[in-house]
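> Generate coordinates for the sequence data below:
(chains A, B, C, D, E and F, ligands or ions: 3)
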Amino acid sequence: MKLIIAIIRPFKLDEVREALTEVGVSGITVTEVKGFGRQKGHTELYRGAEYVVDFLPKLKIECAVPDSLLDAALEAIQNAARTGKVGDGKIIVLPVENTVRIRTGELDDDAL
Amino acid sequence: MKLIIAIIRPFKLDEVREALTEVGVSGITVTEVKGFGRQKGHTELYRGAEYVVDFLPKLKIECAVPDSLLDAALEAIQNAARTGKVGDGKIIVLPVENTVRIRTGELDDDAL
Amino acid sequence: MKLIIAIIRPFKLDEVREALTEVGVSGITVTEVKGFGRQKGHTELYRGAEYVVDFLPKLKIECAVPDSLLDAALEAIQNAARTGKVGDGKIIVLPVENTVRIRTGELDDDAL
Amino acid sequence: MKYETMLDPRSRERALRTLAWSALPIAALLALGPAHAQDAAAAAEAAKPVVDKGDVAWMLTSTLLVLLMTVPGLALFYGGLVRSKNVLSVLMQVLAVFSLIVLLWVTYGYSLAFNGGNAFIGNLDKLFLKGVNKESLAATFTAGVSLPEYVFIAFQSTFAGITGALIVGAFAERIKFSAVLLFSAIWFTFAYLPIAHMVWYGPDGYLFAKGAIDFAGGTVVHINAGVAGLVGAYFVGKRVGYGREAIKPHNVTFTMIGASLLWVGWFGFNAGSNLEATAGAALAFLNTLLATAAAALAWSLVEKVIKGKPSMLGGASGVVAGLVAITPACGTVGPFGAIAIGAIAGAVCVWGVHGLKRLLRADDALDVFGVHGLGGIIGALLTGVFSSPSLGGFGLGAGNDTIAAQLGVQALGVGITVVWSGVVSVIAFALVKLVVGLRVPEEAEREGLDITTHGETAYEN
Amino acid sequence: MKYETMLDPRSRERALRTLAWSALPIAALLALGPAHAQDAAAAAEAAKPVVDKGDVAWMLTSTLLVLLMTVPGLALFYGGLVRSKNVLSVLMQVLAVFSLIVLLWVTYGYSLAFNGGNAFIGNLDKLFLKGVNKESLAATFTAGVSLPEYVFIAFQSTFAGITGALIVGAFAERIKFSAVLLFSAIWFTFAYLPIAHMVWYGPDGYLFAKGAIDFAGGTVVHINAGVAGLVGAYFVGKRVGYGREAIKPHNVTFTMIGASLLWVGWFGFNAGSNLEATAGAALAFLNTLLATAAAALAWSLVEKVIKGKPSMLGGASGVVAGLVAITPACGTVGPFGAIAIGAIAGAVCVWGVHGLKRLLRADDALDVFGVHGLGGIIGALLTGVFSSPSLGGFGLGAGNDTIAAQLGVQALGVGITVVWSGVVSVIAFALVKLVVGLRVPEEAEREGLDITTHGETAYEN
Amino acid sequence: MKYETMLDPRSRERALRTLAWSALPIAALLALGPAHAQDAAAAAEAAKPVVDKGDVAWMLTSTLLVLLMTVPGLALFYGGLVRSKNVLSVLMQVLAVFSLIVLLWVTYGYSLAFNGGNAFIGNLDKLFLKGVNKESLAATFTAGVSLPEYVFIAFQSTFAGITGALIVGAFAERIKFSAVLLFSAIWFTFAYLPIAHMVWYGPDGYLFAKGAIDFAGGTVVHINAGVAGLVGAYFVGKRVGYGREAIKPHNVTFTMIGASLLWVGWFGFNAGSNLEATAGAALAFLNTLLATAAAALAWSLVEKVIKGKPSMLGGASGVVAGLVAITPACGTVGPFGAIAIGAIAGAVCVWGVHGLKRLLRADDALDVFGVHGLGGIIGALLTGVFSSPSLGGFGLGAGNDTIAAQLGVQALGVGITVVWSGVVSVIAFALVKLVVGLRVPEEAEREGLDITTHGETAYEN
Ligand SMILES: Nc1ncnc2c1ncn2[C@@H]1O[C@H](COP(=O)(O)OP(=O)(O)O)[C@@H](O)[C@H]1O
Ligand SMILES: Nc1ncnc2c1ncn2[C@@H]1O[C@H](COP(=O)(O)OP(=O)(O)O)[C@@H](O)[C@H]1O
Ligand SMILES: Nc1ncnc2c1ncn2[C@@H]1O[C@H](COP(=O)(O)OP(=O)(O)O)[C@@H](O)[C@H]1O
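Ligands and ions are numbered 1, 2, ... in the order given. Below you'll find the model as predicted:
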């Protein structure tokens, strides 16, 4: 089992979720985050002050998948989240030791 | 050492934290997240528009534990967070390579 | 490749980001979180009620680095984030299986 | 000063009689206000009541100020105090209850409160505002000075409206919307209207006749609402998680805006109750300013001493407590009497939301009783004290020679209001429970009323 | 009641003539207001117009209330409805459009709307307020009663300002800031000024002369703005993601505060349009209170029945719909006529933002047409119905004997406004598109106008 | 026009003398306002001052408008500009300072500012409002027209209150709450009261006698507060992280609401300073509307040119700058003079918060000096220019024949205020530092004053 972490553009969420659902992923968890990377931010002006805002709003998607679904899920995310411009984001895949569904106590792949 | 990631219902936070403290976990980190899963969302109505909100507010708890505490912690979370209804959430366990306490530079289990 | 997760004090963000940039880290992702640990919270008073707020505002920094950068990055974070007082936070290092840059499809170290 | 309201020529005679009873040196003063009414020509037609445009201007302004108190004032004050998942439900309850009562007011409320009848309730002669038109007049406290009746109807309608809206704070975050509406209609009819009639309808009203002083509605509005709220809190029960989870205000800035708008609008409430733009209105105005300032500081000081930190929420609560307490007194006490009343109310109401609340063991969510009920009682009683000329006041009520006598009458007013409102509320809540039920299901309460009752959420990034 | 405005002694004669035409029993009533004007001495100099300080007080208050409606009222109402990345752009548009129009108003607008000319537009004799000073007067509806001209100029400037600001809701979240300003200046000059002249400038104005009733500006302000907004929505095009992504209000509490302040301020708009602090103002006031309450409840009820849940946003929208609909009618219908108009407008406008909106296929982002346009039309027509004494009203327009006749005139007013405003808007938007372009680039729209156009973000933790 | 305030019969004679000095053609005009005062009957008793209910209505309204400016207006304007961890501390400071000063005002402030004494300070004859009652009167600018003294006391109390509250913006986000209160009390006593007396108390006040024009308080309120703020910023020191970390407004929408309410309320401040509901008030009103609109657009235009983007915060700041600058001038300049003053102030104050701020090297957190100080100075000087009839104004001050002469007097007023307020502030801050200390510990500042000083947080999800 793997945990997929994907940093994407906020307005791509719906497309990514649909793409993942299609390949059979049953659940995801989304967090609002701020990203710093190659994409450059903007300048904000307030009265006497100017601030360069390097951090841009992004969404982080976390999704635990059985090994069998990994490749399909990765492809789905890439296709749905890509615009081709700097700042599209990253996907990071982590190994998972085990998972539990709290409601039932089911373990591993059954828990997803 | 392991990193426990638990997605739970927001109002269960206090119970889970207490349960973890009891089994000897010394610290946790909590993030507000939105979850998509089997639990179905609601419909929101605004003037001419209706939106089906599939994403539900959840809390993500992250907690690094020494291997010795893992089972107790998992059980504590499950017991405290369970309501028995769809949407209780998941626990995901990841392997950790090492940890550092920033203040002191202590490493691994000592860092927790 | 590793994923570094660092929990730090909010006002240390700029210093940590600069320190990481200096050692060659090209991107980070930041999340607002609430931390519970040894540092004690404060009491809030509202009309008839008092609440002990155990959760303190922290920032979580996530940063995927090639193995070669790991030690430098860890040191950079520790130096920049340390105040020496309880509550400076933790660093947790996780193994990464692979990474993808969504825009280009580049993999692993190239994706960062 | 008593609140005398005669609304058609037929009651003019009674009005004059009432005025003659008055122990206050007020007639002389008021005669000074509309100086131009006194010239030779006017004297010749003294029988014909005069409408002064300055009065109309002030009373229209006062009326919209009471609306400002309700929405957005009270709505924000309450809305900021609840959790973000319930803020819209509170705003909606305030808006809907106010709207409903204003419509009931013109339908039958005005007639029952301010037209004929007996010592306890009026009659239905003005049902659907029968006979009211642009020529009909309502009397003021000054013989020969009138207001267009539409002005008086509008002004009083907002009083009824805000009183109903005040109550919803007590059972916020868990009550059914339909229950709120049904309760409001019943309570308005059987508690608000009789008390308003008893206190304000001269010279017949039971408490009016006894010389009870309630210049702008301490009993009618605040004690009345406070008691209804407390009863509601018992009936509806405590919020899920009350006492265990942290139930914090979601936006204290909103609460502060609300409290500020209550302060600003309250000048319409208090100085508007003078019905004329005279020195009497100015006194009520100044007293309202000073009592509130004193109460805000007093609440903060007590918090600083007791808990070590003066909270903003405390300051805002002090503002409201001071306003509530000065309401009955603002027309008859002097400026330093007002400061005393404000300071005392501000200090005591800290106990109202802490000690008293614990004693009462009710989850009066937004402290309707602790602030409006208790503050109203303090104000009603202290009105009997500081109205005394010996303490800088401008005179006790007709027929009450000593502070003790006046205190007795004031206490009677408080007692009657507490009991009457209490009994009506118990019956009303029992009825509502039977008919539509009082409370949303626990799961809906957890998810928040905004989504489950109103189908929307307040905030989005 | 017709809106008659004669602004210097030269037009006094015409004023009296107009008044003589009037079928309303209003003169008798109003004569009662400024009672002191009637004493012997005053009668002797009846020719000299009287300025009453009560009128001045009320009109200054009314004027600032219309500002309150605009900023912060309308700004918040609109600001809460957009996404947080665009809130500042909306606030800025409202502020800048209002400011711009107020300046244009004193430069040439006032003269073109309210001075001489023909049936469709005034002249430029008062360009740069030439000849206006502290002594110059503006007539009211009552012969012999005047206001300082500065009061009338200020009052009317805010009407023009808010009308321009209303429009921006239709194309919010994607339009260029420069386009908004340029369009506003053109539209104000070629649509607002002529319609205001036609409806309000007596006795010459085209619709005024026909006996059309628009007491406080239902056609001039609301239909006028609603149509301009709709045209704008077509020209500017739909928002990126419209119909696919969830485009939700970012802060419904702000929207509620805004709606409440609109309600509070609207008393200046409606009762202020009486120009005097009399029973006529009080009637307009009470009607504005009641129609709004009825509309808020009606909208909620319809939502409850159709969708199962009465939303707070619906309640707030009902408030605005009710206010819009009662605007033309508030001076001539009775209180229960006002309740009927409010309830009907509240119910029908639910369809305006759902069914009608789908039919129109325009992304009128904040429902300027669905609420102001549609509500305005309903109000204009129902004014012709409920002003009839047979339905409790205070009289139809001069020369219109039956409800049918009046309805015809009202429909004519609606028709002219829709066509005129529509044509001017089409031309204006076409021109603006050519000169500065209408729309920001898609990427800027995604990022939000606050950052890309104004260089700032509204919220920070 | 000079601000003349005679408060008891004893000073009536002086008042008439002052009026006789006046070079303004104002007497003739004002005589027109209260037309009814002129009829035969009234003429017979000319000695007896007339109280007009229209004036009372307007002045009560004006007074509550100044409260609206302070809470919630100024509180929100400032509150939105700080970080969310400090918003409650700012709201609390504004509320507490206002409340404190209002209480000090009735205790001794009113007597020291507006009763007898010498050219620099009044006396203590009215300590605790001794001798004031419902019959006592305060004079207006018109001989024979008075206000109930309670009205004048209340109106002026809010001026003192808001002035103290303005200052807290300069040292927001790091000062001790006790230091704010102690400083406010000292500064109010030794800086506000003397300056108010010098400028407004006729005919004795030092600047009043020199013919300085400060219609509504440009020197007394804005320059006075601006200088105190600047001194405070130096004394308290820069915020932790200033110039390194991003210190952004946490809620620009709140700031915009605040600026809007300042605009709305400022009509009470400016037009209320006319003390009567006459054409003079209407002129002040219109000028306040126009100058503000011009300033908002001017600030935005300069930002657009210099930085490429016109910000909402800039628009809101322009609103305040325009209001500040028109304050002294609003009674004597013409509408286009007002537009010029607004536009100039709006443009120059952009420099006030950028270039000047860098020069001054003080962390004046919310630009109290850059907007109120600088805007006040610009306004004071331009008043001397645009009041000239040659530039459309209504007359220079008594005894000043040329613009140059008037400018000299205006500059003197500015100079005295800057030095006096500066010196008092230095001493006051030094004293406060000694007694209670000025600044919270660094850790508390990092955590935010809301939690560490007031024990609460503003927002919760
Ligand atoms: N090494 C990294 N570790 C964690 N997150 C990263 C890393 N690099 C980039 N990110 C995240 O991915 C986002 C996009 O990265 P960026 O370099 O701007 O563009 P791109 O992904 O197109 O190369 C960033 O805003 C940040 O949130
Ligand atoms: N595969 C997954 N990866 C990550 N998070 C998940 C996954 N599936 C579910 N979740 C999270 O768990 C929450 C609860 O899941 P859900 O399917 O609704 O109910 P249950 O846990 O009872 O089966 C979801 O809202 C989501 O946040
Ligand atoms: N075991 C843990 N797992 C995850 N996060 C932790 C853990 N222990 C502490 N933290 C995080 O680190 C923060 C700082 O920890 P704390 O014990 O207060 O101080 P210190 O890091 O100085 O020992 C906490 O607020 C929490 O967010």
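
> For the residue of chain D found nearest ligand 3, the count of nearby residues, please.
Closest residue of chain D to ligand 3, C-beta to the nearest ligand atom: D:A246 (17.4 Å). C-betas here are computed from N, CA, C, even on glycine. Using other C-beta atoms under 10 Å in any protein chain shown, D:A246 has 17 other residues around it.

> does it sit in a helix, a strand or a coil?
coil (DSSP: H, G, I helix; E, B strand; the rest coil).

> Tell me the pLDDT of it.
At D:A246, the model reports a pLDDT of 90.

> my hunch is that A:V93 is in a helix, does that hold up?
No. Read with three-state DSSP, A:V93 is strand and lies in no helix.

> Show me the helices in chain A, by range?
According to DSSP state H, chain A carries its helices in the segments A:13-23, A:70-81.

> For chain A, which segments are assigned as strands?
All strands of chain A, identified by DSSP state E, fall at A:2-8, A:28-36, A:42-46, A:49-53, A:56-65, A:90-95, A:98-101.

> Throw these into a markdown table and include mean neighbour count, distance to ligand 3 and mean pLDDT, thanks.
Compiled in a markdown table, these are given as follows (neighbours: other C-beta atoms under 10 Å in any protein chain shown; distance: least, C-beta to the nearest ligand atom, whole Å; pLDDT from 0 to 100):
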| stretch | mean neighbour count | distance to ligand 3 | mean pLDDT |
| --- | --- | --- | --- |
| strand A:2-8 | 23 | 16 | 97 |
| strand A:28-36 | 21 | 15 | 97 |
| strand A:42-46 | 19 | 29 | 90 |
| strand A:49-53 | 14 | 25 | 89 |
| strand A:56-65 | 22 | 16 | 96 |
| strand A:90-95 | 21 | 16 | 97 |
| strand A:98-101 | 20 | 18 | 95 |
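
> Quick check: which of the ones you listed is nearest to F:V419?
Among the strands of chain A, strand A:49-53 comes nearest to F:V419, with 30.3 Å by C-beta to C-beta.

> do the closest one and chain F meet?
Yes. Counting by C-beta under 8 Å from any C-beta of the partner chain, chain F is contacted by strand A:49-53 at A:A49, A:Y51, A:V53.

> most distant residue from the middle of chain A?
A:G48 (37.2 Å; C-alpha atoms, centre = their mean).

> for it, what are its contacts?
A:G48 makes contact with F:V353, F:H354, F:K357, F:R358, F:D367, F:G370 under the criterion C-beta atoms under 8 Å, 6 or more residues apart in numbering or on different chains.

> Spatially, what comes nearest to the fourth one if we skip its sequence neighbours?
Setting aside the residues directly before and after it, F:R358 is nearest to A:G48 in space (C-beta to C-beta, 6 or more residues apart in numbering or on different chains), at 7.4 Å.

> likewise the fifth one?
Excluding its sequence neighbours, the residue lying closest to F:D367 (C-beta to C-beta, 6+ apart) is F:V353, at 4.7 Å.

> Tell me who's in contact with the one you found.
A:R47, A:G48, F:S317, F:D367, F:G370, F:V371.

> What separation is there between it and chain C?
24 Å (C-beta to the nearest C-beta, to the nearest Å).

> The stretch 1-150 of chain D: strands as residue ranges?
Remark: strands assigned in the stretch 1-150 of chain D by DSSP state E, counting those that start in this stretch are D:50-51, D:137-139, D:145-148.

> Which among those strands is found nearest to chain E?
Chain E lies closest, by C-beta to the nearest C-beta, to one member of those: strand D:145-148, at 3.6 Å.

> For chain E, what's its nearest residue on the stretch 1-150 of chain D.
Per C-beta to the nearest C-beta, D:K53 is where the stretch 1-150 of chain D lies closest to chain E, at 2.7 Å.

> count of residues packed around the residue nearest to D:I403 when sequence neighbours are not counted?
Closest residue to D:I403 apart from its sequence neighbours, by C-beta to C-beta, 6+ apart: D:S388 at 5.0 Å. Applying other C-beta under 10 Å, we find 22 residues neighbouring D:S388.

> Let me know how buried D:N461 is, in neighbour terms.
11.

> so when I look at it, I'm seeing a strand, right?
No. Going by three-state DSSP, the assignment for D:N461 is coil, not a strand.

> Contact partners for it?
Contacts of D:N461 (C-beta under 8 Å, 6+ apart): A:E32, E:S84, E:H250.

> Dump these to JSON lines, plus distance to chain B.
Shown next, in JSON lines, are the contacts of D:N461 (distance: C-beta to the nearest C-beta, whole Å):
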{"residue": "A:E32", "distance to chain B": "8"}
{"residue": "E:S84", "distance to chain B": "15"}
{"residue": "E:H250", "distance to chain B": "11"}
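
> Save these as CSV, and put in distance to E:G218 too.
Compiled in CSV, those are given as follows (distance: C-beta to C-beta, whole Å):
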residue, distance to E:G218
A:E32, 44
E:S84, 33
E:H250, 31
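
> can those go into a markdown table with extra columns for distance to ligand 2?
Shown next, in a markdown table, are these (distance: C-beta to the nearest ligand atom, whole Å):
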| residue | distance to ligand 2 |
| --- | --- |
| A:E32 | 14 |
| E:S84 | 24 |
| E:H250 | 23 |
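
> Check the residues you listed one by one and keep those near chain D.
Answer for the contacts of D:N461 near chain D (C-beta under 8 Å from any C-beta): A:E32, E:S84, E:H250.

> Next, count neighbours for A:G105.
If you count neighbours by other C-beta under 10 Å, A:G105 ends up with 13.

> for whichever residue of chain A sits closest to chain C, what are its contacts?
Per C-beta to the nearest C-beta, A:G37 is where chain A lies closest to chain C, at 3.5 Å. Taking C-beta under 8 Å, 6+ apart, we find A:G37 in contact with A:V86, A:G87, C:S26, C:G27, C:I28.

> and what of D:V227?
D:F369, D:G373, D:T417, D:V418, D:S421, D:G422, D:S425.

> Grab the nearest non-local neighbour of D:K134.
In space, D:K134 is closest to E:A279, 4.2 Å off (C-beta to C-beta, 6+ apart).

> low-scoring stretches of the stretch 1-150 of chain D, by residue?
Counting by pLDDT under 70, the stretch 1-150 of chain D contains low-confidence ranges at D:1-47.

> ok so, going back, the residue nearest to D:K134 reaches D:V132, doesn't it?
No. Using C-beta atoms under 8 Å as the test, E:A279 is too far from D:V132 to be in contact (10.4 Å).

> intersection of neighbour lists for those two?
In contact with both E:A279 and D:V132: D:Y150, using C-beta under 8 Å, 6+ apart.

> Just the helices from the stretch 251-400 of chain D, written as ranges.
For the stretch 251-400 of chain D, the helices defined by DSSP state H, counting those that start in this stretch cover D:252-272, D:279-307, D:312-326, D:335-353, D:355-360, D:374-386.

> Now do the buried residues in the shortest one.
I take that to be helix D:355-360. Neighbour counts over helix D:355-360 (16 or more other C-beta atoms under 10 Å in any protein chain shown) mark D:L356, D:K357 as buried.

> Please consider this matter closed, and thank you.
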